[in-house]
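> Provided below are the primary sequence and the corresponding predicted coordinates.
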Amino acid sequence: MRGERIIDPHTHKHSSGGCLSLNSNEEDIVTVLAPRLAYFAAVARHEHVTRAAHELGVPQSTLSRAMVRLEEDLGVALFARKGRTVSLTPAGRTFLGSAERALAEVGRAAESVRADADPAAGKVAFGFLHTMGSETVPALIRAFRVTHPRVRFTLVQNYGEAMIERLRAGDLDLCLTSPVPDAPDLVARRLDEQRLRLVVPDDHRLATRKRVRLAEAADETFVTLEPGYGLRRITDDLCAQAGFTPKVAFEGEEAETLRGLVAAGLGVALLPPPAVARPGVVELTVTAPRAVREIGVAWLDGHPDTPPVAAFKAFLLSRRGQLLPV
């Protein structure tokens, strides 16, 4: 085992000035140790530097020096010489268990990100509005999976501002939202627009009408989504254009809940069309102001796409003007 030399770190001095202090911060010691864990595990497995170097494809001298530096930096002897072989000390056996778990976790993480980026079977983290969940998004995913049957989705249903926060945090790759965001760190593309209707109880004074100007509801009590929801912002803006501030009786989190409260006579609401007609309400076309909400897709600017994300993004953009059911 010529050239193999395990040096007791307690007696060997190195120009680096000795082992890491016990007071060294965690980031420093991790930076020092991480690149050497695989080397250490290979030497421990073979109990032979030459065979370990052959397996790793590195010069024996490089591996020997790495083990010496590892012991120096830890301030503990990890190996003991026995003739032409090396064996782990008690400290070495303790360290090996943790090193193997760390390496296994790194391996699992690598496999996970590779799997997520796989063009055929990777993952897309996709966010969408509550009002898109019953019909629009299932139809989109079903159509996309005709050509990409093995792509996996992590789905998040939330209001617009919360999804934008998750985009910025890296939790989402793409999101369908409204209004279409305008921010320097985001890229957003308008895909479609959706007409909003004034929803009234079926015994309401306006229930016999098919069309209505929003100003005719100025004296009504409204049920709306909570502040922060895109549809709430649009409702407030449209009412302002019609010359009034809505009197709000209830602020909720989900459009169909509002529709149910309208049916119960609690107020009126500006809402997108329902997936399934609800009894007890009448849905009126708003003629003025123009009551629509734009639906768009957004993603983080400069964020590299994996192949499945790029494919789904291209698919969404190809549906411009055809995103919503007629």
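Now that the structure is in, tell me what you want to look at.
> Look up how far Leu238 lies from Asp305.
As judged by C-beta to C-beta, to the nearest Å, Asp305 and Leu238 stand 35 Å apart. Every residue, glycine included, has its C-beta placed from N, CA and C.
> and stretch 190-199, average pLDDT?
The average pLDDT within stretch 190-199 is 96.
> Neighbour count: Asp305 and Leu238, which is higher?
When Asp305 and Leu238 are compared for neighbours, Leu238 comes out ahead with 21 against 16, by other C-beta atoms under 10 Å.
> Can you mark which positions in the strand or helix carrying that one are buried?
Element membership of Leu238, judged by DSSP states H and E, is helix 230-241. If you call a residue buried by 16 or more other C-beta atoms under 10 Å, then helix 230-241 has these buried ones: 230-236, 238-239.
> Tell me which of the residues you listed has the lowest pLDDT.
Among the buried residues of helix 230-241, Gly230 has the weakest pLDDT, 91.
> ok, it - contacts?
Residues in contact with Gly230, defined by C-beta atoms under 8 Å, 6 or more residues apart in numbering, are 129, 159-161, 177-179, 293.
> Of all pairs in those residues, which one spans the longest distance?
Glu161 and Arg293 (14.7 Å; C-beta to C-beta).
> can you map out the strands along the stretch 151-300 of the chain?
Secondary structure of the stretch 151-300 of the chain (DSSP state E, counting those that start in this stretch): strands at 152-157, 174-177, 186-195, 197-201, 211-213, 221-225, 247-252, 269-271, 281-288, 292-300.
> Make CSV from these and add distance to Leu33 and mean neighbour count to it.
Converted to CSV, those look like this (distance: least, C-beta to C-beta, whole Å; neighbours: other C-beta atoms under 10 Å):
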stretch, distance to Leu33, mean neighbour count
strand 152-157, 33, 15
strand 174-177, 38, 24
strand 186-195, 39, 17
strand 197-201, 63, 23
strand 211-213, 70, 14
strand 221-225, 51, 22
strand 247-252, 53, 15
strand 269-271, 58, 26
strand 281-288, 65, 18
strand 292-300, 33, 20
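> Can I get those in JSON lines including distance to Arg36?
As requested, those are exported to JSON lines (distance: least, C-beta to C-beta, whole Å):
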{"stretch": "strand 152-157", "distance to Arg36": "35"}
{"stretch": "strand 174-177", "distance to Arg36": "39"}
{"stretch": "strand 186-195", "distance to Arg36": "41"}
{"stretch": "strand 197-201", "distance to Arg36": "66"}
{"stretch": "strand 211-213", "distance to Arg36": "74"}
{"stretch": "strand 221-225", "distance to Arg36": "55"}
{"stretch": "strand 247-252", "distance to Arg36": "57"}
{"stretch": "strand 269-271", "distance to Arg36": "61"}
{"stretch": "strand 281-288", "distance to Arg36": "68"}
{"stretch": "strand 292-300", "distance to Arg36": "35"}
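> out of these, nearest to Val43?
Within the strands of the stretch 151-300 of the chain, the stretch nearest Val43 is strand 152-157; the backing value is 39.0 Å (C-beta to C-beta).
> Tell me the helices and strands packed up against the lengthiest helix in the chain.
Across the chain, the longest stretch assigned as helix under DSSP state H is helix 90-117. If contacts are counted by 3 or more C-beta pairs under 8 Å, 6 or more residues apart in numbering; DSSP states H and E, helix 90-117 sits against helix 37-46, helix 307-318.
> which of these sits most buried?
Highest mean neighbour count among these (mean count of other C-beta atoms under 10 Å): helix 37-46, with a mean of 20.
> for the helix or strand following that helix, packing partners?
Going down the chain from helix 37-46, the next helix or strand is helix 49-56, by DSSP H and E. Here helix 49-56 touches helix 37-46, helix 60-74, going by 3+ C-beta pairs under 8 Å, 6+ apart.
> Any idea which residue is closest to the centre of this structure?
With distances taken as C-alpha atoms, centre = their mean, Asp171 lies nearest the centre of the chain, 1.7 Å away.
> can you tell me which residues contact it?
For Asp171, the contact set (C-beta under 8 Å, 6+ apart) comprises 125, 156.
> repeat for Thr285
The contact partners of Thr285, by C-beta under 8 Å, 6+ apart, come to 195, 197, 210-212.
> Any chance of these in JSON lines with distance to Glu253 as columns?
Listed next are the contacts of Thr285 as JSON lines, based on distance: C-beta to C-beta, whole Å:
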{"residue": "Arg195", "distance to Glu253": "22"}
{"residue": "Arg197", "distance to Glu253": "20"}
{"residue": "Lys210", "distance to Glu253": "30"}
{"residue": "Arg211", "distance to Glu253": "29"}
{"residue": "Val212", "distance to Glu253": "26"}
